[in-house]
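**Q** Predicted model follows, preceded by the sequence.
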4 protein chains.
Amino acid sequence: MATNLVRKGFDTTVYNRTAAKAEPVVAAGARLASSLREAVEDASVVFLCLPATGDVEAALFGPTGMASGLAAGTVVVDTSTIDPVASRGFAERLAAQDVMMLDAPVSGGQKGAVDGTLTCMVGGPDEALAIARPFLAAIATTIVHIGGHGAGQVAKACNQLCVSANLAGASEAMALAMKMGVDPSRVREALLGGAARSVVLERHVQKLLDRDFRPGFRTALIAKDLSIAAKALNDAGVFAPVSAAVMQVIKALAASGRQDDDWSSVGALVQQLSGVQESDAAQP
Amino acid sequence: MATNLVRKGFDTTVYNRTAAKAEPVVAAGARLASSLREAVEDASVVFLCLPATGDVEAALFGPTGMASGLAAGTVVVDTSTIDPVASRGFAERLAAQDVMMLDAPVSGGQKGAVDGTLTCMVGGPDEALAIARPFLAAIATTIVHIGGHGAGQVAKACNQLCVSANLAGASEAMALAMKMGVDPSRVREALLGGAARSVVLERHVQKLLDRDFRPGFRTALIAKDLSIAAKALNDAGVFAPVSAAVMQVIKALAASGRQDDDWSSVGALVQQLSGVQESDAAQP
Amino acid sequence: MATNLVRKGFDTTVYNRTAAKAEPVVAAGARLASSLREAVEDASVVFLCLPATGDVEAALFGPTGMASGLAAGTVVVDTSTIDPVASRGFAERLAAQDVMMLDAPVSGGQKGAVDGTLTCMVGGPDEALAIARPFLAAIATTIVHIGGHGAGQVAKACNQLCVSANLAGASEAMALAMKMGVDPSRVREALLGGAARSVVLERHVQKLLDRDFRPGFRTALIAKDLSIAAKALNDAGVFAPVSAAVMQVIKALAASGRQDDDWSSVGALVQQLSGVQESDAAQP
Amino acid sequence: MATNLVRKGFDTTVYNRTAAKAEPVVAAGARLASSLREAVEDASVVFLCLPATGDVEAALFGPTGMASGLAAGTVVVDTSTIDPVASRGFAERLAAQDVMMLDAPVSGGQKGAVDGTLTCMVGGPDEALAIARPFLAAIATTIVHIGGHGAGQVAKACNQLCVSANLAGASEAMALAMKMGVDPSRVREALLGGAARSVVLERHVQKLLDRDFRPGFRTALIAKDLSIAAKALNDAGVFAPVSAAVMQVIKALAASGRQDDDWSSVGALVQQLSGVQESDAAQP
């Protein structure tokens, strides 16, 4: 994502806790900062991309955090997938020093990030998005302004809930076909022609049937994202038995040595726990 | 479906336990039989369309059932959605008297049935499908031969599992957006642009957000179909926590006076059990 | 159970599809019949103990079934655990020939069967129970008349739902303790002192913590019983998300090579799918 | 609980954010402090009893928190039910200033608190428990030392998971009986005689069958406790499909206007979502 900013001609300064990870961006033409505060000095727009809620909090407000170095009028764009409620809190704390924040989590996978074709779900004020939009356009082809602070994170959580319910449901259906001696590929093809059609059935279930578990999107990442969504569902008191069930299967997947496999391997776990034998796949 | 057979020029005899229901088909040009056995006399292809497994068993093998009246070489096409294992058993019993059976459940809703644009998932021998195909083409635009006996029913069960997981997952996601004060329509639009895209998100979730619960596909029917799928998952020993959770929500929906509403009303039940207030839908 | 009837002095004729299985009862003093019909000839009370609903149906009404040989006034006591709705149907069919039926499933495990200390949950008419009670008393120390036909099966299903929810819930709690580095034995002891006290926590969870998975009660049997309960919940339209989740875990257990282990091994599967390491059990 | 400390002769100073709530304790003989810091001045043992994790954090480390006023060697006993991981963090922060902490959540309900007959599950160092034990003995009849910091909270979470799985499972079983026309009271009685026996079946299910929903233990409280347990299960990566399902039903209960009813009303919600009619309870 940072490399795409450089490529599109934006004057870019980069910082990473692990300096080596910044090297490709520096090679592409970015300046390397030696600290967060140095990185954000004189910046009009600051992008964050971090694994977890606590990392974002630390990067903003920790002992060596950037917040104290941000000038009034700066826009902070947080592309991390984090807790929506915490994200709202960060935005409020920054607003107290006249810094604007956008939560702007992305979807589209590793490939979208490299190609600059991500989808970006944005929460925060219009004014901030107006300033950040040209920069976002360097990394994302679709920018959707969902609503106020946290709305981007909420939309991202909704996205992960939908795709994972789609995949888990389809995985169980494919296991049923196999146990009944019916060719799951034929079932998938038939289903693609009707109301069951989905990107997940088209793309991820194909990976499952091919047993091609190279990521793609790693199990560890969907587990992290669903953990955030589960916390949000819990905090908000949403009755969510299906999402809760999906979450358990993903936890079992992460505990089964599949952390670094593509998350479509959830279907392989379902097959294993269903006692699917290799021979079940073959149509009699 | 029968009317479409008549319209396409097939010589059609019709029978219904409730004679009045056969009237429109007779008006279109079909002969009315006064019994099942009379209806199948001299027929080369026999279509069944019945609510439940027991009804099909009775129509075939009950005291007034048609089986004893079927000539060798006849093809019985069962378009009902029933238990796949029972369906296999019926096929075997008919095979013993040289009658061929196809399980051929359909999807596409009320509209597809009227317009003759259903999708038909077929299980059974090639030879039988070759004979029945011209007739099936009068009612369905897509005919997919899934596999041997019962494979059509398995595919139909898989279809219902997928669409209902898609809808239940999306319903929970929409409830999360609402409880977080985020406009669910904006979330849905954003999600349609990425990996969460599905026919269900496009069509059924729109009905949910419009609170337009005219069927479409009635709750009572998805409840029946999922009950069949649940039995199949259970009998086959498939580990299916997500489908099991979906099934419970649909049972609660059926018990909540929504039997005759469109099944997209499942999202309204999820909202109710999440304590969503009307004002939650409005973005702050 | 049959041996206990002989021991208590009842004139007993025994039949088993696998003759060798009847040998210990014959050794104890029972007559061996060579067919079901021979076995029930002149019998005033007939006991059935069979694995599944279909077996009971076949033994009663199949081609070599006993029903046609039962004299009016006979009481059939079915100690099998089967589908309650089917059981009611069998009772009605027998009633048509003036034969009375009791559904009388038992609990208490292998040990209770050998010792004659089972609990027996009875459905059916008072009159039939009055006739059968002395016989039942030879095999069970507790005989509870639950209600009309099928009520015994319903109570048995309820029993299996309760014990399995108790065990699955406790298994997850124990896994939580382990993953948090807390000694599960200390937790169990503390919990036994309060509202969480149950026979399952006392007995089955102890087996789990001891990793003593000799049956006891085999996984295959609880899987069968829960399958019956799941069908009953499904047919009756009961909203049962917790039982549905329990059922899935038991299915996964059966598919994981634990068929012949004690069903308390469900806790070991939960630990495995939670990534519990041996070292997690040790308190820091 | 504070009143019991006074009654047993301990020199007690009390503080409550809502002064009126402290009045009964003052009436019993306690001193009233006007601030947290004043309350803990010269105290050797400090008891906390607060609703949520954030409240405990604020009381200890907030702007008007007590931590800065605690002398080295003081023992802080936190009887609140809070997040185990957060509790460990608080203990570590206090340890840095040579203050010892015990997490000591209680069970036993309103009645146990008033009577001084609670069960207390303790996490923390032996040394601290030795100092606090006489004080704890004034409020609890059973004091179990589970393990190190946080272990008391883990045990409390395990307790709530077990009791709620027991109650939810039994609620579904009772609904099954009702829908099948079987008297649930007879079923409960039969089950109490065997492996399904539990305190929950004995006590809480009786309240359910009596439809006596006066608390007892309020729905809002079990919802809060299960929310903590759900977070712990999630953070620890425990595969917990049964607990997850239980959690959803409790959320639905809280959203259904049952916040202030006894949590045994969960069985009434299950009945409602199962379409149980009043007449179902009556045995035919």
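**A** All right, it came through fine.

**Q** near chain D, which residues of chain A?
**A** A:227, A:230-231, A:234-235, A:237-241, A:244-245, A:247-248, A:251-252, A:254-255 (Cβ under 8 Å from any Cβ of the partner chain). C-betas here are computed from N, CA, C, even on glycine.

**Q** What residue in chain A comes nearest to chain D?
**A** residue A:244 (3.9 Å; Cβ to the nearest Cβ).

**Q** Identify the residue spatially nearest to that residue, adjacent ones excluded.
**A** residue D:244 (3.9 Å; Cβ to Cβ, 6 or more residues apart in numbering or on different chains).

**Q** Just confirm that neighbour contacts residue A:246, I think it does.
**A** No - look at residue D:244 against residue A:246 with Cβ atoms under 8 Å: they stay out of range, at 9.7 Å.

**Q** Please see if the biggest helix by length in chain A touches chain C.
**A** Using DSSP state H to define each element, chain A has its longest helix at helix A:151-179. No - counting by Cβ under 8 Å from any Cβ, chain C has no neighbours in helix A:151-179; the shortest distance is 9.7 Å.

**Q** Now that helix: average pLDDT?
**A** What helix A:151-179 shows for mean pLDDT is 98.

**Q** between that helix and helix B:151-179, how big is the angle?
**A** 160 degrees (axes from the mean of the first three to the mean of the last three Cα atoms, to 10 degrees).

**Q** Alpha carbons of the host helix or strand of residue A:122, in CSV - could you do that?
**A** Using DSSP states H and E, the element containing residue A:122 is strand A:118-123. Below are the C-alpha coordinates for strand A:118-123, written out as CSV (Å, rounded to 0.1, in the frame of the first residue of the first chain):
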residue,chain,number,x,y,z
LEU,A,118,-8.5,-2.7,-2.7
THR,A,119,-12.0,-1.8,-1.5
CYS,A,120,-11.9,0.7,1.3
MET,A,121,-14.7,1.2,3.8
VAL,A,122,-14.5,4.6,5.4
GLY,A,123,-15.9,6.0,8.6
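
**Q** Check which helices and strands it sits against.
**A** strand A:100-103, strand A:106-107, helix A:126-136, strand A:140-147, helix A:151-179 (3 or more Cβ pairs under 8 Å, 6 or more residues apart in numbering or on different chains; DSSP states H and E).

**Q** winner for burial among these?
**A** helix A:151-179 (a mean of 30; mean count of other Cβ atoms under 10 Å in any protein chain shown).

**Q** Can you name the helix or strand that residue A:227 falls in?
**A** Using DSSP H and E, residue A:227 sits within helix A:219-236.

**Q** Counting neighbours, show which residues of that helix come out buried.
**A** A:219-236 (16 or more other Cβ atoms under 10 Å in any protein chain shown).

**Q** Show me how far it is from its chain's centre.
**A** 11 Å (Cα atoms, centre = their mean, to the nearest Å).

**Q** can you tell me if that helix touches chain B.
**A** Yes - using Cβ under 8 Å from any Cβ as the criterion, contacts between helix A:219-236 and chain B involve A:229, A:232, A:233, A:236.

**Q** How about stretch A:92-100?
**A** No - using Cβ under 8 Å from any Cβ, stretch A:92-100 never reaches chain B; the gap is at least 13.5 Å.

**Q** ends of that stretch, how far apart?
**A** Using Cα to Cα, to the nearest Å, the end-to-end distance of stretch A:92-100 comes to 9 Å.

**Q** tell me which residues in that stretch are buried?
**A** Buried, per 16+ other Cβ under 10 Å, within stretch A:92-100: A:94, A:99, A:100.

**Q** Next, the contact list for the last one, please.
**A** With contact set as Cβ atoms under 8 Å, 6 or more residues apart in numbering or on different chains, residue A:100 has these partners: A:73, A:74, A:75, A:76, A:94, A:124, A:125, A:127, A:128, A:131.

**Q** Quick check: beta-bridge partners of it?
**A** The bridge-partner assignment for residue A:100, based on DSSP bridges, gives residue A:75.

**Q** quick one: it and residue A:73, what's the gap?
**A** Applying Cβ to Cβ, to the nearest Å, the value for residue A:100 to residue A:73 is 8 Å.

**Q** now do residue A:41
**A** Residue A:41 sits 14 Å away from residue A:73, going by Cβ to Cβ.

**Q** contact partners of the strand or helix carrying residue A:6?
**A** Assessed by DSSP H and E, residue A:6 sits inside helix A:2-7. Residues outside helix A:2-7 that contact it (Cβ under 8 Å, 6+ apart) are A:12, A:14, A:22, A:24-25, A:28-30, A:47, A:116, A:135, A:138-139.

**Q** Name the residues of that helix that come out as buried.
**A** In helix A:2-7, counting by 16+ other Cβ under 10 Å, buried: A:2, A:3, A:4, A:5, A:6.

**Q** got JSON lines for the helices and strands packed on strand A:118-123, with distance to residue B:154 too?
**A** Compiled in JSON lines, these are given as follows (distance: least, Cβ to Cβ, whole Å):
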{"stretch": "strand A:100-103", "distance to residue B:154": "44"}
{"stretch": "strand A:106-107", "distance to residue B:154": "33"}
{"stretch": "helix A:126-136", "distance to residue B:154": "46"}
{"stretch": "strand A:140-147", "distance to residue B:154": "37"}
{"stretch": "helix A:151-179", "distance to residue B:154": "6"}
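
**Q** Name the residue in residue D:244 and residue A:246 with the higher neighbour count.
**A** Ranked by neighbour count (other Cβ atoms under 10 Å in any protein chain shown), residue D:244 and residue A:246 place residue A:246 first, with 32 against 29.

**Q** residues contacting the more buried one?
**A** Contacts of residue A:246 (Cβ under 8 Å, 6+ apart): A:161, A:164, A:165, A:168, A:226, B:169, B:242.

**Q** same thing but 6 Å
**A** Residues in contact with residue A:246, defined by Cβ atoms under 6 Å, 6 or more residues apart in numbering or on different chains, are A:164, A:165, A:168, B:242.

**Q** same thing with residue A:117?
**A** Here residue A:117 is in contact with residue A:141 (criterion: Cβ under 6 Å, 6+ apart).

**Q** Repeat the analysis, applying 7 Å as the threshold.
**A** Going by Cβ atoms under 7 Å, 6 or more residues apart in numbering or on different chains, residue A:117 touches A:108, A:141.

**Q** Against residue A:263, how distant is it?
**A** Residue A:117 is 20 Å from residue A:263, by Cβ to Cβ.

**Q** Reformat the contacts of residue A:100 as TSV; add pLDDT.
**A** Formatted as TSV, the contacts of residue A:100 follow (pLDDT from 0 to 100):
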residue	pLDDT
A:73	96
A:74	97
A:75	98
A:76	98
A:94	98
A:124	98
A:125	98
A:127	97
A:128	98
A:131	98
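
**Q** Export the residues you listed to JSON lines and append columns for distance to residue A:207.
**A** Below are the contacts of residue A:100 laid out as JSON lines (distance: Cβ to Cβ, whole Å):
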{"residue": "A:73", "distance to residue A:207": "45"}
{"residue": "A:74", "distance to residue A:207": "41"}
{"residue": "A:75", "distance to residue A:207": "38"}
{"residue": "A:76", "distance to residue A:207": "36"}
{"residue": "A:94", "distance to residue A:207": "40"}
{"residue": "A:124", "distance to residue A:207": "35"}
{"residue": "A:125", "distance to residue A:207": "39"}
{"residue": "A:127", "distance to residue A:207": "42"}
{"residue": "A:128", "distance to residue A:207": "37"}
{"residue": "A:131", "distance to residue A:207": "39"}
